[in-house]
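Chemist: what's the 3D shape of this:
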Amino acid sequence: MGKSVQAFDSNELNAEDAGHFPANLVSGRGAATNPAARFEKEQRELEDDGWGLLEDLPPIKTECQNEVTRTVITRNTSPDLPFDRSINPYRGCEHGCTYCFARPSHAYIGLSPGVDFETRLYSKGNAADVLERELSKPSYQPKPIAIGTNTDPYQPVERNLKIMRGILEVLERTGHPVTIVTKSALVLRDKDILCRMAERNLVSVRLSITTEDRKLARSMEPRASTPANRYKAIRELAEAGVPTGVLIAPVIPGLTDHELEAILANCKEMGAAAAGYILLRMPREVSELFKDWLLREAPGRYRHVLSLMRSMRGGKDYDAEWNRRMRGAGPYAAQLSKRFQLTCKRLGLTSRGPKLSTEHFIGPEKGSVQLSLF
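Modeler: Predicted structure coming up:
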């Protein structure tokens, strides 16, 4: 297997940092490494070249490339997901959550699940037009579309690109139900559309909250909205009549699981009506990326977190089995589930969102979208 070596200044790297980008290059990023995609023939490593020359390299910037897509609705038959179709307006996510289970998906386009995942993005600029075409098919049967299941539809680049808003405009116009999960208060930008859809029982929104600790959140989710702003988004949406809930995701045993009850109570106070949680998932490259983050940011918790995680994953870093991958198994997982259930019962939070309506759906009359040749 071929290997190319990228050199950096020896004053910025030491034996403990081997394989890491210099800190100034990845400031504000969740990952500090950029392992090659698992399907690539070449592997790259950072290595001290021994010259000791200072290089004033700029921080890695976010690049977003538009892609012309032929389909936007993705289908699934997973028995542990409450939806059978979803839309992802973006590939990669600038939020840079170090634990993100979607990171390995970047390997399928030849990019790294590390720094590449949060800096080299792809946007589906024609998503709204293609969605309208797909909804216009005579055979289409409406069911709620889930958005935010892989990468966040309200990540920072959405502020200018407005792809998500275009999608919502199509769904509102056709009377199609949608569920949204996000870690961004940018969802409030589209409150006007969401309110109108809520009047017809077409939408529900969940804000994903991992921790109330702003410093910890800044480290784990460097470009997502602060916990305080996510609480604010829950309150404003709920006050506007939009069915709103919280998704505590991921719950990290030994690091954030002690916050479960407090987050649920505060979300209830903000107006949340529904709640859910997902246990930390570490598939493929996420395992090494998250463990690297733990060693850098919470070394004293490293062994404890991994020990608890493995106790819920059959002794492994990850268990992909249906009906176990989201919640885990074993005594600690059962205790976590019981805590969640009892707290929701005490607070009057439901574990399921509202049953959205499909009776308003009217397929678009013109669904023939001409795709770009280039």
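Chemist: Give the bridge partners for Gly245, please.
Modeler: Arg206, Ala274 (DSSP bridges).
Chemist: isn't it right next to Gly276, touching?
Modeler: Yes: Gly245 is in contact with Gly276 according to CB atoms under 8 Å; the separation is 7.2 Å. The C-beta positions use only the backbone N, C-alpha and C, and glycine is treated the same way.
Chemist: quick one: common contacting residues for those two?
Modeler: Residues touching both Gly245 and Gly276 (CB atoms under 8 Å, 6 or more residues apart in numbering) are Arg206.
Chemist: Find the centremost residue of the protein, please.
Modeler: Thr151 (4.3 Å; CA atoms, centre = their mean).
Chemist: thought that one was touching Gly96?
Modeler: No: counting by CB under 8 Å, Thr151 does not reach Gly96; the two are 11.1 Å apart.
Chemist: any weak-confidence spans in the stretch 1-150 of the chain?
Modeler: 1-19, 41, 43-55 (pLDDT under 70).
Chemist: Show me where it has its helices.
Modeler: 115-119, 127-135 (DSSP state H, counting those that start in this stretch).
Chemist: Of the ones you listed, flag the one that's most buried.
Modeler: Most buried of those by mean neighbour count (mean count of other CB atoms under 10 Å) is helix 115-119; its value is a mean of 25.
Chemist: neighbours around Leu306, how many?
Modeler: Residues lying near Leu306 (other CB atoms under 10 Å) number 19.
Chemist: where exactly do the strands run in the stretch 201-350 of the chain?
Modeler: Along the stretch 201-350 of the chain, counting by DSSP state E, counting those that start in this stretch, strands occupy 203-208, 244-251, 274-279.
Chemist: for these, which one ends up most surrounded?
Modeler: Ranked by mean neighbour count under mean count of other CB under 10 Å, these are led by strand 203-208, which reaches a mean of 26.
Chemist: what does that strand contact?
Modeler: Strand 203-208 is contacted from outside by 148, 177-183, 187, 194, 197, 230-231, 233-234, 237, 242-249, 267, 274, 276, 353-354, 356, using CB under 8 Å, 6+ apart.
Chemist: cool, and stretch 348-365?
Modeler: Here stretch 348-365 makes contact (CB under 8 Å, 6+ apart) with 82, 132-133, 135-138, 140, 142-144, 170, 173-179, 200-204, 206, 243, 245, 264, 267-268, 272-276, 341, 343-344.
Chemist: residues of it that come out buried?
Modeler: Of all the residues in stretch 348-365, those buried under the rule 16 or more other CB atoms under 10 Å are 349, 353-354, 356, 360-361, 363-364.
Chemist: quick one: contacts for Gly92?
Modeler: If a contact means CB under 8 Å, 6+ apart, then Gly92 has 106, 111, 116-122, 151 as its contacts.
Chemist: that older thread, and of the strands of the stretch 201-350 of the chain, who's closest to Thr226?
Modeler: Nearest of the strands of the stretch 201-350 of the chain to Thr226, taken as CB to CB: strand 203-208 at 11.8 Å.
Chemist: Now do the closest one and strand 244-251, the angle between them.
Modeler: Computed by axes from the mean of the first three to the mean of the last three CA atoms, to 10 degrees, the angle separating strand 203-208 from strand 244-251 equals 40 degrees.
Chemist: how distant is strand 203-208 from the center of its chain?
Modeler: 13 Å (CA atoms, centre = their mean, to the nearest Å).
Chemist: same question, stretch 213-230
Modeler: Centroid separation for stretch 213-230 versus its chain: 13 Å, with CA atoms, centre = their mean.
Chemist: Show me what counts as buried in that stretch.
Modeler: Neighbour-count burial for stretch 213-230 flags 216-217, 219-225, 227, 230 (criterion: 16+ other CB under 10 Å).
Chemist: Average pLDDT for it, rounded please.
Modeler: Averaging pLDDT along stretch 213-230 gives 96.
Chemist: end to end, how far does it reach?
Modeler: The straight-line separation of the ends of stretch 213-230 (CA to CA, to the nearest Å) is 13 Å.
Chemist: who's in contact with it?
Modeler: By CB under 8 Å, 6+ apart, the residues outside stretch 213-230 that reach it are 28-30, 94-99, 118, 152, 155-156, 183-186, 207-212, 233, 255-256, 259, 293, 297.
Chemist: In ChimeraX, how would I select the buried members of those?
Modeler: To isolate the buried ones among these in ChimeraX, judged by 16+ other CB under 10 Å, type:
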select :29,30,94,95,96,97,98,99,118,152,155,156,183,184,185,186,207,208,209,210,211,212,233,255,256,259,293,297
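Chemist: Need the three-state assignment for Thr358.
Modeler: Following DSSP: H, G, I helix; E, B strand; the rest coil, the label given to Thr358 is coil.
Chemist: gap between it and Ala233?
Modeler: Look at Thr358 and Ala233: by CB to CB, to the nearest Å, they are 26 Å apart.
Chemist: Please apply the same query to Pro283.
Modeler: Separation of Pro283 from Ala233 (CB to CB): 28 Å.
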